[in-house]
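Enquirer: based on what follows, work out the 3D shape:
(one chain, ligands or ions: 1)
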Amino acid sequence: MTYALELKDLRKSFGRTEIIRGANLAVNAGERIAVIGPNGAGKSTLFNLISGRFSPTSGQVLLHGQRIDGKRPFEINRLGLSRSFQITNIFPKLSVFENLRCGVLWSLGYRYTFFKFLADLEDANERAERLMEMIRLDRKRDVLAMNLTYAEQRALEIGITIGGGAQVILLDEPTAGMSRSETSRFIELIKEVTVGKTLLTVEHDMGVVFGLADKIAVVVYGEVIAFDTPENVRANARVQEAYLGTHADAHAGS
Ligand SMILES: Nc1ncnc2c1ncn2[C@@H]1O[C@H](COP(=O)(O)OP(=O)(O)OP(=O)(O)O)[C@@H](O)[C@H]1O
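Expert: Model (predicted):
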C-alpha cells in the first residue's frame, strides 16, 4: 500500500538536542490530518522536514512512495507537495487575479521558451479564473491583495497553494487571527477546495481541529504519540495526560 505521505523513524537534531525523536506517520490519499501538540513539541519542525526546509538527521519522508527527504523545497513542490507559505507570499500590489495567475505559472516552471510561455499563459488564465471562484474572490478579481480583508488574504493564500495542482497540501494554522465566524466559514472553504487532496494542518484551535480533521496526529516531545480519528484521540488516555487534559484546563481557566 502506498501512502500519500509517510514518515519513517524521522529524527532531527539541532546541535546536540534531538527535537524530532523517531516520528512515524502514514497518511492515506485524501485524508485530512490535523497535527496538534503542546508548544515546542516539534510540529513546525516536522512541517519543515516534510517540505524540505530542513533535512532530517535520519529517517525517511516519502511522498506517494518516493523518498523526498533531503530534497530542496522547490523540488518537493514539483513532486506534488505544496506548503502554504512556501509559494504564497502574496504580492500586495498585484490584484487577486494576478496573484493567482502567478501561483499557477510559478508551478508550471520556467524552463520554457517564450512561445510555450504564451500557451501556458492562456491555460494559467483559465485556471486562475476557476480558482478565484473556488475561493469566492471572483467579485474581487481586480482588487489589489493589500486591500483585501485579512480573511480574504488567507483565502487567496490557499488559492495560490492549491493553484499548482499539488495533491498533498500543508497548511500552517490556516485560521490564525480570524474571528469565530470567519473561522467557521474558512473551515468550510478549506474543506471544499481540498476535496480529493491530502491535507495536513498544524493547528492550535481545537474547534478547527475537530471541525476539519478526519484524523489527528498528536505530537509530543518529537514523537507522534497518537494518530487516530478525533473521537478516539479525545478518548485516548495517553493524549489526555500528555496534552488534551492540560490544554482543556488551560482554556477553562482563561
Ligand atoms: N532552527 C532551529 N534551531 C534550533 N532549535 C530549533 C530550531 N527550530 C526549532 N527549534 C527548537 O525545536 C523545538 C520544537 O520547535 P517547533 O517550532 O517545531 O515546535 P512547535 O510544536 O511547532 O511549537 P509551537 O506550537 O509553539 O509553534 C523548540 O524547542 C525549538 O526551540
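
Enquirer: buried ones in the helix or strand hosting residue 106?
Expert: Element membership of residue 106, judged by DSSP states H and E, is helix 96-108. Neighbour-count burial for helix 96-108, counted by 16 or more other CB atoms under 10 Å, picks out 96-108. (C-beta placed from N, C-alpha, C; glycine too.)

Enquirer: which elements pack onto the helix or strand following it?
Expert: Going down the chain from helix 96-108, the next helix or strand is helix 114-134, by DSSP H and E. Helices and strands touching helix 114-134, by 3 or more CB pairs under 8 Å, 6 or more residues apart in numbering; DSSP states H and E, are helix 96-108, helix 150-163.

Enquirer: just the pLDDT for the closest residue to residue 41 other than its chain neighbours.
Expert: Excluding the flanking residues, the one nearest residue 41 by CB to CB, 6 or more residues apart in numbering is residue 219, at 4.6 Å. With respect to pLDDT, residue 219 scores 96.

Enquirer: same question for residue 239.
Expert: pLDDT, residue 239: 88.

Enquirer: tell me the contacts of it?
Expert: Going by CB atoms under 8 Å, 6 or more residues apart in numbering, residue 239 touches 218, 225, 226, 233.

Enquirer: gap between it and the ligand?
Expert: Taking CB to the nearest ligand atom, to the nearest Å as the measure, residue 239 falls 15 Å from the ligand.

Enquirer: hey, which helix or strand in the chain has the poorest pLDDT?
Expert: Within the chain, no helix or strand scores below helix 245-252, which has a mean of 48 by mean pLDDT, DSSP states H and E.

Enquirer: can you get me the centre-to-centre distance for stretch 136-154 and its chain?
Expert: Stretch 136-154 sits 20 Å away from the centroid of its parent chain (CA atoms, centre = their mean, to the nearest Å).

Enquirer: gap between the two ends of that stretch?
Expert: End-to-end distance for stretch 136-154: 12 Å, by CA to CA, to the nearest Å.

Enquirer: quick one: low-confidence parts of the stretch 101-250 of the chain?
Expert: 108-119, 244-250 (pLDDT under 70).

Enquirer: what helix or strand is the residue nearest to residue 41 on?
Expert: Taking DSSP H and E as the definition, residue 219 sits inside strand 215-220.

Enquirer: can I get that strand as CSV, trimmed to CA atoms?
Expert: Extracted as CSV, the C-alpha positions of strand 215-220 are listed here (Å, rounded to 0.1, in the frame of the first residue of the first chain):
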residue,chain,number,x,y,z
LYS,A,215,-7.7,12.1,11.8
ILE,A,216,-5.5,13.8,14.4
ALA,A,217,-1.8,13.3,14.8
VAL,A,218,-0.7,14.2,18.3
VAL,A,219,3.0,15.2,18.5
VAL,A,220,4.6,15.3,22.0
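
Enquirer: for the residue nearest to residue 41, which residues are in contact?
Expert: Residues near residue 219 by CB under 8 Å, 6+ apart: 23, 35, 36, 37, 41, 42, 43, 46, 225.

Enquirer: out of these, who has the most neighbours?
Expert: Using other CB atoms under 10 Å as the neighbour test, those are led by residue 46, with 29 neighbours.

Enquirer: show residues contacting the helix or strand hosting that one.
Expert: In this assignment (DSSP H and E), residue 46 forms part of helix 43-51. With contacts defined as CB under 8 Å, 6+ apart, helix 43-51 is touched by 5, 7, 10, 12, 19-20, 23, 35-37, 54-56, 61, 68-69, 73, 76, 81, 83, 86, 170, 172, 200, 202, 219, 222.

Enquirer: restrict these to contacts with the ligand.
Expert: Among these, the ones lying close to the ligand by the criterion of CB under 6 Å from any ligand atom are 19, 37.

Enquirer: nothing else from me, thank you.
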